[in-house]
Every structure is written in structure tokens, then in C-alpha cells.
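*Asks:* The following block contains a protein sequence and its predicted model.
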Amino acid sequence: MTISRRKMMTMATVAATGLPLLGTAIQKESKTKVLVAGGHPDDPETGCGGTMSLYRQIGHEVTALYLTGGEAGIPGTSHEDASRIRKKETEKACSILGAKPIFAGQIDGDTKVDVFWYKMILEIVRSQAPDIVFTHWPVDTHRDHRAISLLIYDAWIQMGRSFELFYFEVMSGAQTQHFPATHYVDISAVETIKREACYAHASQNPDEFYPYHEKMSKFRGMESGNVHAEAFVRQVRNKTSLS
């Protein structure tokens, strides 16, 4: 049987927009535990904020794990002061999304991927017992993004692939590279909530960074037949039968 290129593209789009990651959660009788792991304050919000909001709105538990406190994120400010400011902003952003923030304790711009931190992140992830974890795509220009991605991937292996693992994108093209989206989530109804959460990070000049992410969500929306969408890559060899 021969399948035309147009039909193949249509089939791929249908599979990608089936939203099984949300659909599975809706069907579960118990709460789904969602963990979103980012390198810095604002990474989970920009890469996954709409999806985080949707999970909370249907009654599931959402936790945001930040590898660092954003210590190097405010030029001309000490690491201690910058971390204090950015953690306060993060608490506000997570309150908007209905998520619980956790800080792993690494330092922005000086992150480590070693035996100690493999163990530390594994312990954090185990303590959360997540059903689904979202983290950075590992091909990224920022070392801190790559660090948390590798640490989470190792935890997934060490935990026997006991949770679904998905990757998100941030500043695609500028930071996230070669991102082959496999799943999309329609965030059209919650884009304004995602925007508000991102704008909670006032020290990061959201008027500059959010328009980039708005363009991304519109582009991913066009790809998936929605107004706004977030795109994800599903890690191969996950144990469940999601599409």
C-alpha cells in the first residue's frame, strides 16, 4: 500500500495532536503527579506554563523543580540578592499556575553534572514520585539547561523508567536546537495565564523575552491546528503505550 506524502503528514499531525499526556491524566481516578524541571526560575513557565496550568485546572498536582536560584540572572546584583529576588518571583509565578516550587540548590552558571548531583536529583525526583516529568531538551546552548536535562534523564533510568518523560523547548532556535516535536498541547484557553506567570519574573524583562515565546506558541499552534500550543518530545522507551 502506497501512502502519499500529504496523507503521511496528516497522519503525523493527528497523532501529535491527540494530547495523550493530558488525556491519560483526565481519565485517571487518582491525581496525576506532574514534575517540571528547569535550569532557572522562569524556564518551566516559559517552556511548559500552559500545560502546567491545564493539569492544575483538571485537579492534578504540579511541582516545578528549579536546578538553580537564578543567581547570575540580574546583572550588577550579587548572587545572594539575585537569588532572593528571583525566588520571590518564582513563588508568585507558581502561585499563578497552581504549582509548588522546589529549588535543588545549584548555582546559576556553575552547574554540575557529577556523581553527587546525579544522586541528589534522583533523591528529589523519588521524593516527588511523579507520573510525568517534563524537562529541557538536551540539545541546548545553555549549559544549565543541558545539566538538568541529563540529571533528570539519569533519574528516569535509575527509577526503572517509572514515569513518563517529555522534553520542552525554550527560546527555540536561539537556545533549544533541533527540536523534533512529537506531541502538542493546545494552550489557547490558558495562554493569558502562562503570560501572567512569565511576567511575574519582572527582573528578566518579560517585555523582551515573552514575545519570543508568544511567537513560538503561535507557530506550534499553526502546526497542530490550534491558536496557541506547546510542543514536546516524548522520550523513547517510556513504559506506557502513549502515542
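*Replies:* In hand now; what should we look at?
*Asks:* all helices of the chain, in order?
*Replies:* For the chain, applying DSSP state H gives helices covering 5-16, 20-27, 43-57, 79-97, 115-128, 143-158, 191-199, 206-224.
*Asks:* so which of those helices is the most packed in?
*Replies:* Per-stretch averages of neighbours, counted by mean count of other C-beta atoms under 10 Å, single out helix 43-57 among these, with a mean of 27. Placement of C-beta: from N, CA and C, glycine included.
*Asks:* hang on, residue 171 packs against residue 212?
*Replies:* Yes. Taking C-beta atoms under 8 Å as the definition, residue 171 is a contact partner of residue 212 at 6.0 Å.
*Asks:* on that earlier part again, which of the helices of the chain comes out lowest on mean pLDDT?
*Replies:* Lowest mean pLDDT within those: helix 5-16, at a mean of 34.
*Asks:* Kindly provide the distance from residue 148 to residue 123.
*Replies:* 15 Å (C-beta to C-beta, to the nearest Å).
*Asks:* What of residue 141?
*Replies:* 29 Å.
*Asks:* returning to that earlier point: residue 234 is nearest to which of the helices of the chain?
*Replies:* helix 20-27 (7.9 Å; C-beta to C-beta).
*Asks:* ok, back up a step: adding distance to residue 37, write the helices of the chain out as CSV.
*Replies:* Formatted as CSV, these follow (distance: least, C-beta to C-beta, whole Å):
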stretch, distance to residue 37
helix 5-16, 23
helix 20-27, 16
helix 43-57, 7
helix 79-97, 13
helix 115-128, 8
helix 143-158, 5
helix 191-199, 16
helix 206-224, 18
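*Asks:* list the contacts for residue 213?
*Replies:* 46, 170, 171, 198 (C-beta atoms under 8 Å, 6 or more residues apart in numbering).
*Asks:* Check residue 239 too.
*Replies:* Per C-beta under 8 Å, 6+ apart, neighbours of residue 239: 161, 162.
*Asks:* repeat that for 10 Å
*Replies:* Neighbouring residues of residue 239 by C-beta atoms under 10 Å, 6 or more residues apart in numbering: 160, 161, 162, 163, 164.
*Asks:* now do residue 45
*Replies:* 36, 38, 52-53, 64, 89-90, 93-94, 96-97, 99, 170, 194-201, 210, 213.
*Asks:* now do 7 Å
*Replies:* 93, 97, 194, 197, 198 (C-beta atoms under 7 Å, 6 or more residues apart in numbering).
*Asks:* For residue 191, see how far away the spatially closest residue to it that is not a sequence neighbour is.
*Replies:* In space, and not counting its chain neighbours, residue 45 is closest to residue 197: 4.7 Å by C-beta to C-beta, 6 or more residues apart in numbering. Applying C-beta to C-beta, the value for residue 197 to residue 191 is 11 Å.
*Asks:* does residue 216 really touch residue 172, like I thought?
*Replies:* Yes. Using C-beta atoms under 7 Å, residue 216 makes contact with residue 172 at a distance of 5.6 Å.
*Asks:* what about the nearest residue to residue 178 once chain neighbours are set aside, how many residues close to it?
*Replies:* Once flanking residues are discounted, residue 178 sits nearest to residue 139: 5.3 Å by C-beta to C-beta, 6+ apart. Neighbours of residue 139 under the rule other C-beta atoms under 10 Å: 15.
*Asks:* pretty sure residue 139 is touching residue 180, no?
*Replies:* No. Counting by C-beta under 7 Å, residue 139 stays clear of residue 180, with 10.0 Å between them.
*Asks:* how about the CA coordinates for stretch 227-236, as PDB?
*Replies:* Coordinates of the C-alpha atoms in stretch 227-236 are reproduced here as PDB (Å, rounded to 0.1, in the frame of the first residue of the first chain):
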ATOM      1  CA  VAL A 227      -4.300  29.200  18.200                       C
ATOM      2  CA  HIS A 228      -1.500  28.600  20.800                       C
ATOM      3  CA  ALA A 229       0.200  25.300  21.600                       C
ATOM      4  CA  GLU A 230       3.200  24.000  23.500                       C
ATOM      5  CA  ALA A 231       5.400  21.300  21.800                       C
ATOM      6  CA  PHE A 232       7.100  18.400  23.400                       C
ATOM      7  CA  VAL A 233       9.300  15.500  22.500                       C
ATOM      8  CA  ARG A 234       8.400  12.200  24.200                       C
ATOM      9  CA  GLN A 235      11.400  10.100  25.300                       C
ATOM     10  CA  VAL A 236      11.600   6.800  23.500                       C
END
